[in-house]
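Asks: could you work out the structure for the sequence below:
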Amino acid sequence: MIDSPTMLKALISIVAAAGAIIIVVPTIKFLRDVVPFAYPTARVRARMGRLFTDRQLAEIIETENLKEFKNYLRGFPDYAKYIDEYPIEKALESQLAEIYQLITEIAPKRLKRVFEVQSKKWDIKNIKSLLTAKDTGLSPEETMDLLIPFGELKDKLEKLTDLKTVEDIIAALEDTEYGPILEAAFPDYEKTGMLLPFEAALDKYYMETILEVLEEISIPKEDIEILRTYFGAQIDATNLKIILRAKADNLKYEDISPYIIPESYQLPEWKLEYLMEAENIKGMISELEGTDYGPVLTEAFPKYEETGSLATFERALEKYINETARTFALKRPLGVGPIITFLSRKEAEIKNLKVIARSKREPAFPEPILKEMLI
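Replies: As a prediction, the model looks like this:
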């Protein structure tokens, strides 16, 4: 029993202070974690409402030809400004690049680096297009039609289109962060005559850079878990696409192992080696039993056998990533969830529009095939 009034007051003060700490500290942490996302989440949710609905997508599919397809898109300000300026694929990709730029601008400070690195995809996409154009002998005008006017290399693109060869492109990018990557892959390009070494090396650099940033940033563990799941699935998909292509081209493990990203999500390094050592694509898919990708690629296999197109597997993997990302807005509604869900849905919208545009250019394109190709 406490007899002294002084001791009683002291005890009350201690209890009050402890109570304040119990209430205030979690509140401060909650506000610190959530408040920075308030503005970006509001902007993203508003943009989410501008994505095409299933009914609108059905209307776009029903357009008679490419002219009607473009007219439909002109009714939406997000697309209208690009439709008359660029060829249709470039117009659609430019709208997507604009969205990535917006997300980078409005992202919370602690998360901004992730989206800055993600925006490098436009530089990488443009470098791949430049290499393809020079490898196949496209003219500067044809090459420019393939390039997206976004990214850090944007101001150099016109000069790069005037170059003649793959070697010229590599030399011109010598002083950029991509120079050493392209130079390292060049001997394999000379040996195989394929652009795969460049493409795989650039994809590996992009993904590894994102992983490095995820290790360095300080954000709530719930947000970092969503980002690791999202980008981890992309890394797995990138590795699987490389191995599938290698199997189709009869390449050996030692030919592609330098381009495999070892820090996978569901596929540890030993599993990747098993996949590469499989006798064929069917055997490779069998090795994926127990992962999320086994059922995904097993379901796509009959269509691959029918068409012989690896795009069947690529679409299946992209659909899996998109469906996974759609759940993030609900899992982490006051954090990074809505941003990732929106970006993934926007990516899917653009891919679907590109498929539909292709179908409008080819009048005999069967509608059932078109619907199978949508994500």
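
Asks: how about stretch 321-338: buried residues?
Replies: Residues 321, 322, 324, 325, 328, 329, 332, 334, 335, 336, 337, 338 are the ones in stretch 321-338 that count as buried (16 or more other CB atoms under 10 Å). C-beta coordinates here come from the backbone N, C-alpha and C atoms, glycine included.

Asks: lowest-confidence member of those, which is it?
Replies: Taking the buried residues of stretch 321-338 together, the minimum pLDDT is found at residue 334 (89).

Asks: how about the contacts made by that one?
Replies: Contacts here follow CB atoms under 8 Å, 6 or more residues apart in numbering; on that basis residue 334 touches 33, 34, 37, 41.

Asks: hmm, the first one is touching residue 221, no?
Replies: So that's residue 33. No - using CB atoms under 8 Å, residue 33 is not in contact with residue 221; the gap is 10.0 Å.

Asks: I'd like to know how many residues surround residue 74.
Replies: Residue 74: 13 surrounding residues under other CB atoms under 10 Å.

Asks: likewise residue 176?
Replies: 15.

Asks: give me the pLDDT for it.
Replies: Listed pLDDT for residue 176 reads 97.

Asks: where does it land in three-state SS?
Replies: Secondary structure for residue 176, judged by DSSP: H, G, I helix; E, B strand; the rest coil, is coil.

Asks: against residue 323, how distant is the closest residue to it other than its chain neighbours?
Replies: Leaving aside its sequence neighbours, residue 176 sits nearest to residue 153 (CB to CB, 6 or more residues apart in numbering; 7.1 Å). Residue 153 sits 33 Å away from residue 323, going by CB to CB, to the nearest Å.

Asks: also residue 36?
Replies: For residue 36, the distance to residue 323 equals 28 Å [CB to CB].

Asks: can you check residue 340 too?
Replies: To residue 323, residue 340 is 13 Å away according to CB to CB.

Asks: quick one, helices of the stretch 101-250 of the chain?
Replies: Using DSSP state H, counting those that start in this stretch, the helices of the stretch 101-250 of the chain run over 112-118, 120-136, 140-144, 157-161, 166-172, 179-192, 196-216, 221-248.

Asks: give the contact list for the nearest residue to residue 57 once chain neighbours are set aside.
Replies: Spatial nearest neighbour of residue 57, chain neighbours left out: residue 352 (6.7 Å); criterion: CB to CB, 6+ apart. By CB under 8 Å, 6+ apart, the contact list for residue 352 reads 57, 374, 375.

Asks: nearest to residue 205 among those residues?
Replies: Of all the contacts of residue 352, the one sitting nearest residue 205 is residue 375; the distance, using CB to CB, is 25.7 Å.

Asks: looking at this structure, which helix or strand is least sure?
Replies: Within the chain, no helix or strand scores below helix 5-48, which has a mean of 76 by mean pLDDT, DSSP states H and E.

Asks: count the residues that sit near residue 206.
Replies: So residue 206, with other CB under 10 Å, has 23 neighbours.

Asks: what pLDDT does it get?
Replies: pLDDT, residue 206: 94.

Asks: residues contacting it?
Replies: The contact partners of residue 206, taken as CB under 8 Å, 6+ apart, are 117, 120, 121, 124.

Asks: these two touch, right, the first one and residue 211?
Replies: The one in question is residue 117. No - using CB under 8 Å as the test, residue 117 is too far from residue 211 to be in contact (9.7 Å).

Asks: any weak-confidence spans in the stretch 251-375 of the chain?
Replies: Low-confidence segments of the stretch 251-375 of the chain, defined by pLDDT under 70: none present.

Asks: geometric centre of the chain: which residue is closest?
Replies: residue 234 (6.8 Å; CA atoms, centre = their mean).

Asks: so where's the stretch 51-200 of the chain uncertain?
Replies: For the stretch 51-200 of the chain (pLDDT under 70), the answer is none.

Asks: for the helices of the stretch 101-250 of the chain, which one sits closest to residue 291?
Replies: It's helix 221-248; of these, that one is closest to residue 291 (CB to CB) at 8.1 Å.

Asks: that closest one packs against which elements?
Replies: helix 196-216, helix 253-256, helix 269-277, helix 281-286, helix 293-307, helix 311-326, helix 328-331, helix 337-361 (3 or more CB pairs under 8 Å, 6 or more residues apart in numbering; DSSP states H and E).
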